[in-house]
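Trainee: Curious how this folds, go ahead:
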Amino acid sequence: MQNPSTSAFRVEPYLFHFDRTKPMDEFVCRQALFPDAIQSLHYHDAFELGYCYSGTGLFLIDGEIVPFREGAAVMIYRGQLHKAQSTSREWSEWVFLSADLPLMLSDIDPGRLGGLLEPPDGFSPSDCLLTQQKDPVLPSLIRTIIDELDRKEEGYRSSVCGLLWAALSRHHRLMRRHCTGTTGDPEPLLEIGPAISYLSSHFTEDVRIPALAELCHLSEATLRRRFRERLGLSPQDYLHRLRIHDAAMRLMASSCSVSEAAYEAGYNTLSCFSRQFRQLYGTSPTVWREENREAATSNAGGKTL
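Mentor: Predicted structure coming up:
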């Protein structure tokens, strides 16, 4: 394992100042995500939507690793710590937009809107990353919102408000189905931030737990405890998850063999890779690839923004 940098892991606020006449459309951002290390997390004082037009990668949302691919969407609420990176050799293309929900949906009764402004207690952060398999409607709704803001045809703001209200209502229904009843404390996540940053760009290498602990200025026991507290995983399990998600995206997006995907993700033996893959995805790499390539093909239309 290389000697990791001791630079601090940052948390950055992204603050918006909304114009009452333009509560959403001046904050539409087309962004390329590169396969760089996650050196910081950020949060917004606004609501964020995003749609992936090409590429594959990983989102880190409130400590949970969630893989994405073309056709995925994201709904991030105020104050959620998050960051994304591409896992492919090329950049991933996203469109993000931010909104002041109370201002954008000012015509809706505040009593009905209030419950949709924040995620429910005990929700799963992984539900903020949306795929056709998780919900067949939400990614299409979010892309339609972006299309309306791009075209700006007559009545587009009313259309966007209706679509946004529908997306929020449906998203909360999805999150409530998976609620655990507890909400995580962000502090342990910040303590292990340097390890998360290092692993995000070195997960294919021979990673040593003592070096990760030193990077975070923690004992090995405390590092393992902090990973369990915030991520529900040991550092080694977190490493396996990064590798397996990366290999899965390679299997779906390229013609590489299973053994090639395993090697590129950092595994020296196919048996270890297959065992870890089955633990995470519940099936073999070959079967998973066959089942998911059809879904990837169905989302392949519309790379042009």
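Trainee: Provide the backbone phi and psi angles at the residue at the greatest distance from the centre of the chain.
Mentor: If you look at how far each residue of the chain sits from its centre, by C-alpha atoms, centre = their mean, the farthest one is residue 154, at 33.3 Å. With angles defined as degrees, to the nearest 10, residue 154 sits at phi -50, psi 130.
Trainee: again with residue 82
Mentor: The phi/psi pair for residue 82 (degrees, to the nearest 10) reads phi -160, psi 160.
Trainee: Distance check, the residue farthest from the centre of the chain against residue 134.
Mentor: From residue 154 across to residue 134, the span is 34 Å (C-beta to C-beta, to the nearest Å). Glycine gets a C-beta too; all of them are placed from N, C-alpha and C.
Trainee: Same check on residue 261?
Mentor: 23 Å.
Trainee: And residue 124, by the same measure?
Mentor: 11 Å.
Trainee: Could you do residue 168 as well?
Mentor: Residue 168 sits 16 Å away from residue 134, going by C-beta to C-beta.
Trainee: out of these two, which sits in the busier spot?
Mentor: residue 168 (21 against 14; other C-beta atoms under 10 Å).
Trainee: what number of residues lie near residue 203?
Mentor: Neighbour number of residue 203 under other C-beta under 10 Å is 20.
Trainee: Is the residue lying closest to it once chain neighbours are set aside within a helix or a strand, and which one?
Mentor: Once flanking residues are discounted, residue 203 sits nearest to residue 242: 4.2 Å by C-beta to C-beta, 6 or more residues apart in numbering. Using DSSP states H and E, residue 242 sits in helix 235-253.
Trainee: and that helix, C-alpha only, in PDB?
Mentor: Extracted C-alpha coordinates of helix 235-253, given in PDB (Å, rounded to 0.1, in the frame of the first residue of the first chain):
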ATOM      1  CA  PRO A 235     -13.300  -1.400   6.600                       C
ATOM      2  CA  GLN A 236     -12.600  -4.700   4.700                       C
ATOM      3  CA  ASP A 237     -16.300  -5.200   3.800                       C
ATOM      4  CA  TYR A 238     -16.400  -1.500   2.600                       C
ATOM      5  CA  LEU A 239     -13.400  -2.200   0.400                       C
ATOM      6  CA  HIS A 240     -15.000  -5.400  -1.000                       C
ATOM      7  CA  ARG A 241     -18.200  -3.400  -1.800                       C
ATOM      8  CA  LEU A 242     -16.300  -0.800  -3.700                       C
ATOM      9  CA  ARG A 243     -14.500  -3.500  -5.700                       C
ATOM     10  CA  ILE A 244     -17.600  -5.500  -6.500                       C
ATOM     11  CA  HIS A 245     -19.600  -2.400  -7.500                       C
ATOM     12  CA  ASP A 246     -16.800  -1.400  -9.800                       C
ATOM     13  CA  ALA A 247     -16.600  -4.900 -11.400                       C
ATOM     14  CA  ALA A 248     -20.400  -5.000 -11.800                       C
ATOM     15  CA  MET A 249     -20.300  -1.800 -13.800                       C
ATOM     16  CA  ARG A 250     -17.500  -3.100 -16.000                       C
ATOM     17  CA  LEU A 251     -19.400  -6.300 -16.600                       C
ATOM     18  CA  MET A 252     -22.500  -4.400 -17.700                       C
ATOM     19  CA  ALA A 253     -20.900  -1.600 -19.700                       C
END
